[in-house]
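Q: give me the fold of what follows.
(one chain, ligands or ions: 1)
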Amino acid sequence: MLSTLTMEIHNHVAEITLQSPPANALSSHILKDLSAELDKVEQDASVKAILLKGEGRFFSAGADIKEFTTLQGADDYKSLSSKGQKLFQRIEHFHVPVIASIHGAALGGGLELAMACHIRYAAEDAKLGLPEINLGIIPGFAGTQRLPRYVGAAKAYEMILTGVPITGQEAAASGLVNKSFSAEEVHGEASKLAAAIAEKSGPTIHHVMNLVPLTHNPQFEEGNRAEAEAFGDVFGKEDAKEGIQAFIEKRKPDFKH
Ligand SMILES: C/C=C/C(=O)SCCNC(=O)CCNC(=O)[C@H](O)C(C)(C)COP(=O)(O)OP(=O)(O)OC[C@H]1O[C@@H](n2cnc3c(N)ncnc32)[C@H](O)[C@@H]1OP(=O)(O)O
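A: Reported below is the predicted structural model:
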């Protein structure tokens with residue numbers, strides 16, 4: 001199978017680039033490849049930071065909507081959600097920081113992946129959002145649990161219930177990303193940040209990475225389980241079939257319920 005991403009390690013920084021045109025959609029294949037690259041980083045004690053970006057027009061436009069049509073039954077739907085949640089949880093608890101450099105769009109699972117990273121830089125004109133509601137489904141890779149952490153509950157409700165994305169500039173103002181830059185500058189700035197962190201002492205980095213997650217909501221796992229259940233539930237419904245089909249046919253969905 002074709003590789004869906006590349007990883008290069010230079011000066012203690014592992015640069016992972018999603019390469020799955022046209023949208024870097026998070027298929028089961030790309031998620032498996034990402035997990036395999038994390039295995040390699042775990043075996044390489046020289047790596048002190050990871051830089052994650054996307055090639056082409058977008059960081060990532062989310063889970064692979066075209067692959068959704070191959071799923072069959074509640075177990076498949078729920079398992080898609082749980083597997084993504086587990087990988088992103090692994091990223092959040094990784095022993096070295098993962099910096100997301102976002103250009104173009106980080107939507108749905110793409111934003112959920114970026115939210116599992118430790119630091120996010122975005123292009124001012126990038127679109128960041130959880131548009132799953134337009135497909136008749138809900139976020140399923142822990143978006144309902146992580147977005148409120150960064151932007152507060154009110155803004156999270158607005159973003160999840162309307163599906164309308166915000167710009168990188170708005171994301172920086174609301175705390176969803178650390179900083180925004182022009183589209184030309186963002187990858188360079190994220191790379192400089194990764195290099196600056198990689199000059200620090202490895203053991204101190206590892207302690208910071210262990211300590212900060214201790215401040216997370218202790219009910220996070222329970223929230224993830226509930227999200228996967230709800231994802232499985234909505235996915236089986238008529239409105240989800242209509243929403244997904246409408247996306248594929250490039251038309252507006254006609255929800256019945
Ligand atoms: C548990 C997690 C669940 C989820 O993550 S559900 C998915 C959530 N994400 C979305 O709903 C985003 C869907 N995509 C879009 O809204 C738009 O696209 C964009 C804003 C990203 C770009 O719009 P534009 O510039 O008009 O381009 P374009 O023609 O719509 O897309 C270019 C090609 O990319 C494919 N594509 C875009 N997003 C996805 C996706 N998430 N999964 C699979 N394919 C995707 C399209 O179909 C098309 O392909 P072709 O050129 O062959 O027509």
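Q: residue of the stretch 1-150 of the chain nearest the ligand, please.
A: Nearest residue of the stretch 1-150 of the chain to the ligand (C-beta to the nearest ligand atom) works out as G108 at 2.4 Å. Every C-beta, even on glycine, is put in place using the N, C-alpha and C of the backbone.
Q: that residue contacts F59, correct?
A: No. Judged on C-beta atoms under 8 Å, G108 makes no contact with F59 at a distance of 11.5 Å.
Q: who has more neighbours, these two?
A: Using other C-beta atoms under 10 Å, the more surrounded residue of G108 and F59 is F59, with 31 against 28.
Q: A106 is in contact with the more buried one, correct?
A: Yes. In this structure, F59 is within contact of A106 by C-beta under 8 Å, at 4.5 Å.
Q: shared neighbours, the two?
A: Both F59 and A106 are contacted by 100, 114, 126, under the criterion C-beta atoms under 8 Å, 6 or more residues apart in numbering.
Q: next one: L193 from the ligand, what distance?
A: Using C-beta to the nearest ligand atom, to the nearest Å, we find L193 at a distance of 26 Å from the ligand.
Q: helix/strand/coil for the closest residue in space to that residue that isn't next to it in sequence?
A: Excluding the flanking residues, the one nearest L193 by C-beta to C-beta, 6 or more residues apart in numbering is I99, at 6.0 Å. With DSSP: H, G, I helix; E, B strand; the rest coil as the basis, I99 sits in strand.
Q: hey, what's I99 bridged with?
A: Beta-bridge partners for I99, by DSSP bridges, are L51, I119.
Q: what about it, how many residues close to it?
A: Neighbours of I99 under the rule other C-beta under 10 Å: 23.
Q: repeat for N217
A: Neighbours of N217 (other C-beta under 10 Å): 12.
Q: distance check, it against the ligand.
A: N217 is 20 Å from the ligand, by C-beta to the nearest ligand atom.
Q: go on, N224?
A: Distance of N224 to the ligand, computed by C-beta to the nearest ligand atom: 12 Å.
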